[in-house]
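Visitor: Here is my input, please return the structure:
(4 chains)
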Number of protein chains: 2
Amino acid sequence: MTLAPTDMLCFALHSTAHAVHAAYAPLLQPLGLTYPQYLVLSSLQVLDGQTVGQLGAELRLESNTLTPLLKRMESSGWVRRTRDGKDERQVRVSLTEDGHALAARAAGVPRAFAEKTGLPLADLADLRDILAALRERLKPVKA
Amino acid sequence: MTLAPTDMLCFALHSTAHAVHAAYAPLLQPLGLTYPQYLVLSSLQVLDGQTVGQLGAELRLESNTLTPLLKRMESSGWVRRTRDGKDERQVRVSLTEDGHALAARAAGVPRAFAEKTGLPLADLADLRDILAALRERLKPVKA
DNA sequence: TTAAATTATATCGTGCACGATTTATTTGGT
DNA sequence: ACCAAATAAATCGTGCACGATATAATTTAA
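Guide: This next block holds a predicted model:
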């Protein structure tokens, strides 16, 4: 007995993630940001000068995704990529002036999204925590 | 005050969807299926001979995604694509013998995934319904 | 009944994501 | 000190996803 996609949790996740992505698009497009770029920008705003590996650990992305993404952000003038002096294998990513300014403009995006859902912030936070718990069950961050 | 990705619902969704995708990969890879192809296969198993548009409405995908995906499935020998006799604009997709056989082999995948999560089926179903509700709030299926 | 509008699918270009591999650097063991 | 193992990014190839556009068939309305 095959399950229809509509009845699958995986599809609910897949399609809702796409719907959220689509809801973010009109908020990010005026800023010239894609959604993953917005995540990188937010992460750097909280802690600047992270290595590619640190960003990847937080955002669950590999260098094969991050490197071209960061290069695009670099050529947009939002970040700088510099080899770490102590360990030349590592590349540190930091926000430029323009990057900081852009992050400031993007600060209202999560609230605007929350309003689009029409749900109480507490419900959204609950869902976030349930999802994070499921994610850790499937793919624990390595010890 | 910028939110870190870790605190955002959108990122929880994004990253958990990826983790689920990654959990499905080892189940689907032996069958030669990608995750979206698995969704198409499941949908056709429930209702064969759907048009590209019908599949897209259920899976929330556009023809620009489905057409190449279906062509890959066709060249793998799992589906046939034929123009509808009554309306030549429409392309109907149906499972081949091999496609039916593959769908049968894939029937156990959702249960295997549920076991990977270690959560009760009722919890997973609840989460599915919460997500579907959020999705419909953001992107109602057009009337 | 023919021209305009609509609908269904396909095509093109860009960006994200992953597996597999490569290159450069650092670390560890002997 | 040296070489092997480990680590950090980068590169390559493939597939998914979307916006924008194109093409072809059908429907509608004048």
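
Visitor: Report the contact partners of the residue nearest the centre of chain A.
Guide: Nearest to the geometric centre of chain A sits residue A:39, at 2.7 Å (Cα atoms, centre = their mean). Residue A:39 sits next to A:59, B:5, B:11, B:14 when contact means Cβ atoms under 8 Å, 6 or more residues apart in numbering or on different chains. For the C-beta atoms, the positions are set from N, CA and C on the backbone; glycine is no exception.

Visitor: now, which of those lie close to DNA strand C?
Guide: Checking the contacts of residue A:39 against DNA strand C by Cβ under 7 Å from any atom of the strand, the ones in range are residue B:14.

Visitor: Narrow the contacts of residue A:39 to those that are buried.
Guide: For those, a burial check counting by 16 or more other Cβ atoms under 10 Å in any protein chain shown picks out A:59, B:5, B:11, B:14.

Visitor: Turn those into CSV, columns for distance to DNA strand D, pLDDT and secondary structure.
Guide: Converted to CSV, the buried ones among the contacts of residue A:39 look like this (distance: Cβ to the nearest atom of the strand, whole Å; pLDDT from 0 to 100; DSSP: H, G, I helix; E, B strand; the rest coil):
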residue, distance to DNA strand D, pLDDT, secondary structure
A:59, 12, 96, helix
B:5, 17, 95, helix
B:11, 17, 97, helix
B:14, 12, 96, helix
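
Visitor: now, among these, which is nearest to residue A:23?
Guide: Taking Cβ to Cβ as the measure, residue B:14 is the one of these closest to residue A:23, at 12.2 Å.

Visitor: That closest one and residue A:17 touch, don't they?
Guide: Yes: counting by Cβ atoms under 8 Å, residue A:17 is a contact partner of residue B:14 at 5.6 Å.

Visitor: quick one on the thing from earlier: same list, the buried ones among the contacts of residue A:39, but as a markdown table with distance to residue B:97 please.
Guide: Shown next, in a markdown table, are the buried ones among the contacts of residue A:39 (distance: Cβ to Cβ, whole Å):
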| residue | distance to residue B:97 |
| --- | --- |
| A:59 | 43 |
| B:5 | 46 |
| B:11 | 43 |
| B:14 | 38 |
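
Visitor: Identify, from the residues you listed, the entry nearest to residue B:127.
Guide: residue B:14 (15.8 Å).

Visitor: For residue A:50, grab the count of nearby residues.
Guide: By other Cβ atoms under 10 Å in any protein chain shown, the residues close to residue A:50 number 20.

Visitor: do residue A:33 as well
Guide: If we define neighbours as other Cβ under 10 Å, then residue A:33 has 24 of them.

Visitor: Repeat that for the one 4 residues further on.
Guide: Under the neighbour criterion other Cβ under 10 Å, residue A:37 is assigned a count of 21.

Visitor: Residue A:74 is in contact with that one, correct?
Guide: No: counting by Cβ under 8 Å, residue A:37 sits too far from residue A:74 to count as a contact (11.1 Å).

Visitor: Show me where chain A has its helices.
Guide: Under the criterion DSSP state H, chain A contains helices at A:9-28, A:35-46, A:52-59, A:63-75, A:97-105, A:109-117, A:121-138.

Visitor: Can stretch A:50-61 be said to contact chain B?
Guide: Yes: counting by Cβ under 8 Å from any Cβ of the partner chain, chain B is contacted by stretch A:50-61 at A:58-60.

Visitor: same check, this time on stretch A:3-19
Guide: Yes: residues of stretch A:3-19 are located near chain B by Cβ under 8 Å from any Cβ, namely A:3-19.

Visitor: related to what we said a few turns ago, so which of the residues of stretch A:50-61 next to chain B is the closest to residue A:122?
Guide: Nearest member of the residues of stretch A:50-61 next to chain B to residue A:122, counting by Cβ to Cβ, is residue A:58, at 24.4 Å.
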